[in-house]
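K.L.:
Sharing a model that was predicted from the sequence below.
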Amino acid sequence: MKPRTNTPDCVTTNDEGREVTTITLKRACNGCGQHLGDADNRDVDDHGNLTDVRAECDHCRPLVELEAAGCKTWELTPRSISRVDWDLDQLGVYAKGYWQEVDGKLQVVGLRVGSGEDRVVAFWGDWVVRHPDGHFTVHKAPAPAEQGATA
């Protein structure tokens, strides 16, 4: 796949002496939100819908490969935790909110999946991965410093 260009903002001064900034529309990964570079024609399908560009993202490419290999993935967020827990219940997998002290108060910060030595813990922003053989792993969220970084 052709790499994306990443056109920097261009600041010029117009005839009236005012600074004008010209920008190029950027594309972000639809998985993690990291910037990938300039938007172009490959970003919209024939029906005007945004395309899936996770395979272009260094962080999300492994998830795309896992899904192609038959794995089921769920992104864990405060909004999605009940759905992820319900899906795991349907699979007969034990899952429970994971609690930690935050600012002096106990709060749910993720989800514990499985029991015993095989359990995994996913925090907000992580991806829970169920492999075809039934075991679970966690694909960690990108580090905060990576968010918004350009490729």
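P.N.:
Arrived safely, thanks for sending.
K.L.:
For the rest of this, base every contact and every neighbour count on C-alpha atoms.
P.N.:
Will do.
K.L.:
who are the neighbours in contact with residue 140?
P.N.:
In this structure, residue 140 makes contact with 122, 125, 126, 127, judged by CA atoms under 8 Å, 6 or more residues apart in numbering.
K.L.:
mind listing what the last one touches?
P.N.:
Taking CA under 8 Å, 6+ apart, we find residue 127 in contact with 73, 74, 75, 76, 138, 139, 140, 141.
K.L.:
again, but for the first one
P.N.:
The contact partners of residue 122, taken as CA under 8 Å, 6+ apart, are 76, 110, 111, 112, 113, 128, 138, 140.
K.L.:
Could you identify the helix or strand that succeeds the helix or strand where the third one lies?
P.N.:
I take that to be residue 111. Secondary structure assignment for residue 111, by DSSP states H and E: strand 105-113. Using DSSP H and E, the helix or strand that follows strand 105-113 towards the C-terminus is strand 120-123.
K.L.:
next structured bit after that next one?
P.N.:
Heading C-terminal from strand 120-123, the first helix or strand you meet, by DSSP H and E, is strand 127-130.
K.L.:
Return the alpha-carbon coordinates of that following strand using PDB.
P.N.:
Output in PDB follows, covering the C-alpha atoms of strand 127-130 (Å, rounded to 0.1, in the frame of the first residue of the first chain):
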ATOM      1  CA  TRP A 127      -8.600  -4.800  23.300                       C
ATOM      2  CA  VAL A 128      -9.700  -8.200  24.600                       C
ATOM      3  CA  VAL A 129      -8.700 -10.900  22.100                       C
ATOM      4  CA  ARG A 130     -10.300 -14.400  22.100                       C
END
